[in-house]
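In: Just the structure for this:
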Amino acid sequence: MKRAFSLVLLLVIWLFVFSALSIDARKYHTKKTKTHKNKKHKNNPAPAPAPLPDSSVFSILSFGAKANGVSDDSKALVSAWKSACKVIGGVVAIPSEFKFLIKPVTLQGPCMPNLVLQIDGTLLAPPKIGSWAKSNLYQWINFKWLQNFTIQGTGTADGQGSNWWCSSQVNKKKKSKKVPGIKPTALRFYSSYNVTVRDISIVNSPLCHLKFDNSKGVKVENVTISAPEDSPNTDGIHLQNSQDVEIMHSDIGTGDDCVSIQTGCSNIHVHHINCGPGHGISLGGLGKDKSTACVSNILVENIVMQNTLYGARIKTWQGGIGSVKNVTFSNIQVSDVKVPITIDQYYCDKNQCKNQTGAVAISGVKFDQIIGTYLVQPIHLACSSSVPCTDVDLISIQLEPSINNKHGFQRELCWNSYGKSLGPLAPSSMDYCVRSGSEFVKRISKSHDISCL
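Out: Sure, this is the predicted structure:
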């Protein structure tokens with residue numbers, strides 16, 4: 001009897017244990033199956049999530065831009081800029097394959113470091129002159145008070161300047177037609193430091209295409225700047241009161257100077273530039289209206305110029321004061337350039353200018369390895385009668401008349417220029433362009449340099 005009871009008890013215990021194990025097994029299987037289903041659900045295709053609030057990329061499309069090239073997208077650009085400005089490494093994105101009409105705007109700092117304007121699409125300026133407010137005539141897109149800032153991309157900033165170019169001639173014929181005397185620069189930097197512009201295209205500006213004013217630590221690389229040859233005053237890159245600037249590996253062809261270097265500039269390096277059409281690479285005009293002009297430490301080298309009005313040029317107004325010193329133009333290839341080498345201290349942009357005494361003093365200028373063909377005149381050194389040019393060196397100049405000339409050539413002009421000539425010069429008559437200068441001549445020149453010390 002006891003034995004039978006013991007067997008029954010063991011059977012009950014065994015059944016209890018088996019039931020408990022079965023329940024646990026089912027629970028485990030259920031959990032495992034749910035986990036598997038969740039993984040499978042995550043792998044299903046789904047729309048890309050919206051950018052996180054703390055994302056560093058701010059597309060203009062996310063701020064309401066219509067991107068049709070007709071609607072005004074200025075507010076969207078400014079909103080994207082303000083958001084990116086607050087983020088370290090923020091990016092304002094102008095997407096490719098879209099066109100954005102942007103009215104005159106100012107994009108200003110200070111911003112967080114390493115801000116980027118990524119232009120892959122096309123920015124369009126307002127094409128109608130009447131749509132520009134008088135207060136916005138100086139520039140289209142104005143960048144100011146920025147540090148560690150970059151503009152880059154594969155896109156284009158299009159100034160749509162054809163109406164502005166035509167207006168000058170229309171205004172002469174129809175004086176009653178109201179056309180602003182001021183024309184806007186396309187992209188302008190003011191009071192900015194350590195800024196880079198690379199890879200983009202800037203085209204058809206009403207006036208200058210890219211301007212740096214009161215800026216320092218500037219790099220321009222691999223940009224394309226273009227406008228028709230007959231578009232007036234459409235300088236490619238314009239520098240004023242700026243230091244420590246490098247412009248390199250770019251193609252520039254406009255209706256005026258490829259690069260224009262104005263007063264207050266020093267430590268400028270321009271190299272590996274294809275220039276043309278246009279007016280060459282120029283320092284000046286300097287000293288207008290008896291103003292003070294100071295330019296120093298300029299190196300222009302490894303340049304190709306084709307079908308330009310001038311090549312390497314320094315131009316100053318009569319009556320100015322100050323100095324241009326330590327300037328080198330080196331290894332410049334010229335092809336059908338009207339006047340490859342120029343110093344003009346009688347610069348005048350009118351039919352006639354008043355003769356004045358005094359001039360910006362020019363010293364320490366080297367023209368080294370200027371080689372190729374000219375259309376009109378090989379060299380034009382017209383230095384001031386009252387302030388001679390000193391230490392002007394002509395080194396290994398090889399210039400031949402172009403076979404494309406149809407109106408005859410002019411002999412070289414050399415006046416009141418002192419320095420030395422080295423190496424073979426062609427034409428050989430250039431040997432007489434620079435004379436050996438006495439200490440007295442140098443003292444005259446230095447006496448006009450006091451204002452730049």
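
In: Let me see the ranges of the strands in the stretch 301-450 of the chain.
Out: Applying DSSP state E, counting those that start in this stretch to the stretch 301-450 of the chain gives strands spanning 310-316, 321-337, 339-344, 361-374, 379-382, 389-395, 398-401, 413-415, 417-422.

In: Out of the ones you listed, the one nearest Asp257 is which?
Out: Ranking the strands of the stretch 301-450 of the chain by proximity to Asp257 (Cβ to Cβ) places strand 310-316 first, at 8.2 Å. The C-beta positions use only the backbone N, C-alpha and C, and glycine is treated the same way.

In: List every C-alpha atom in that closest one, with coordinates, as CSV.
Out: Output of strand 310-316 as CSV, limited to C-alpha atoms (Å, rounded to 0.1, in the frame of the first residue of the first chain):
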residue,chain,number,x,y,z
TYR,A,310,47.2,94.4,-72.1
GLY,A,311,49.4,91.8,-70.5
ALA,A,312,51.3,92.8,-67.3
ARG,A,313,50.2,96.3,-66.5
ILE,A,314,50.6,99.0,-63.8
LYS,A,315,48.5,102.1,-64.3
THR,A,316,48.3,105.3,-62.1
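
In: Strand partners (parallel or antiparallel) of it?
Out: Strand 310-316 sits in its sheet next to strand 281-286 (parallel), strand 339-344 (parallel), going by DSSP bridges.

In: relative orientation of the last one and strand 389-395 in degrees?
Out: The one in question is strand 339-344. Computed by axes from the mean of the first three to the mean of the last three Cα atoms, to 10 degrees, the angle separating strand 339-344 from strand 389-395 equals 170 degrees.

In: buried set for strand 339-344?
Out: Val339, Pro340, Ile341, Thr342, Ile343, Asp344 (16 or more other Cβ atoms under 10 Å).

In: Stretch 380-399 now?
Out: Going by neighbour count (16+ other Cβ under 10 Å), the buried part of stretch 380-399 is 380-384, 387-392, 394-397, 399.

In: what's the distance between it and the middle of its chain?
Out: The chain centroid and the centroid of stretch 380-399 are separated by 30 Å under Cα atoms, centre = their mean, to the nearest Å.

In: Stretch 95-104 too?
Out: Counting by Cα atoms, centre = their mean, stretch 95-104 comes out at 19 Å from the chain centroid.

In: Other residues contacting it?
Out: 59-61, 65, 67-74, 76-77, 94, 120-126, 131-133, 136, 139-142, 154-155, 184 (Cβ atoms under 8 Å, 6 or more residues apart in numbering).

In: Which ones among those map onto strands?
Out: 59, 68-72, 94, 122-124, 139-142 (DSSP state E).

In: which of the residues you listed count as buried?
Out: Burial by neighbour count, 16+ other Cβ under 10 Å: within the ones in strands among the contacts of stretch 95-104 this picks out Ser59, Ile94, Thr122, Leu123, Leu124, Gln139, Trp140, Ile141, Asn142.

In: what would those look like in CSV with distance to His279 and pLDDT?
Out: Listed next are those as CSV, based on distance: Cβ to Cβ, whole Å; pLDDT from 0 to 100:
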residue, distance to His279, pLDDT
Ser59, 39, 97
Ile94, 31, 98
Thr122, 27, 98
Leu123, 26, 98
Leu124, 27, 98
Gln139, 21, 97
Trp140, 22, 98
Ile141, 24, 98
Asn142, 25, 98
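
In: which pair in those residues spans the largest distance?
Out: Comparing all pairs in those by Cβ to Cβ, the longest separation belongs to Ser59 and Gln139, at 24.5 Å.

In: ok now do Ser396, which residues does it touch?
Out: Residues counted as contacts of Ser396 (Cβ under 8 Å, 6+ apart) are Asp368, Gln369, Ile371, Leu422, Gly423, Pro424, Leu425.

In: Low-confidence ranges, the stretch 151-300 of the chain, go.
Out: Across the stretch 151-300 of the chain, the ranges flagged by pLDDT under 70 are 167-179.

In: Show the end-to-end separation of stretch 402-415, please.
Out: Using Cα to Cα, to the nearest Å, the end-to-end distance of stretch 402-415 comes out at 25 Å.

In: how distant is that stretch from the center of its chain?
Out: 34 Å.

In: Over it, what's the mean pLDDT, rounded is fine.
Out: When pLDDT is averaged along stretch 402-415, the result is 91.

In: my guess is Gly419 meets Asp393, correct?
Out: Yes: with contact defined as Cβ atoms under 8 Å, Gly419 counts as touching Asp393 (5.0 Å).

In: shared neighbours, those two?
Out: Val365, Val434.

In: ok, what's across the strand from the residue positioned nearest the centre of the chain?
Out: The chain has Leu210 as the residue nearest its centroid, 4.5 Å off, counting by Cα atoms, centre = their mean. Judged by DSSP bridges, the bridge partners of Leu210 are Leu187, Ile237.

In: Quick check: the gap between it and Ile362.
Out: Using Cβ to Cβ, to the nearest Å, Leu210 is found at 27 Å from Ile362.

In: Chain neighbours aside, what residue packs nearest to Lys99?
Out: Gly69 (3.4 Å; Cβ to Cβ, 6 or more residues apart in numbering).

In: that older thread, dump the strands paired with strand 310-316 into TSV; add distance to Val259 as well.
Out: Below are the strands paired with strand 310-316 laid out as TSV (distance: least, Cβ to Cβ, whole Å):
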stretch	distance to Val259
strand 281-286	5
strand 339-344	15
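
In: out of those, which comes closest to Lys354?
Out: Here strand 281-286 is closest among the strands paired with strand 310-316 (Cβ to Cβ), at 15.0 Å.

In: Let me know the secondary structure of Pro206.
Out: Secondary structure assignment for Pro206 (DSSP: H, G, I helix; E, B strand; the rest coil): coil.
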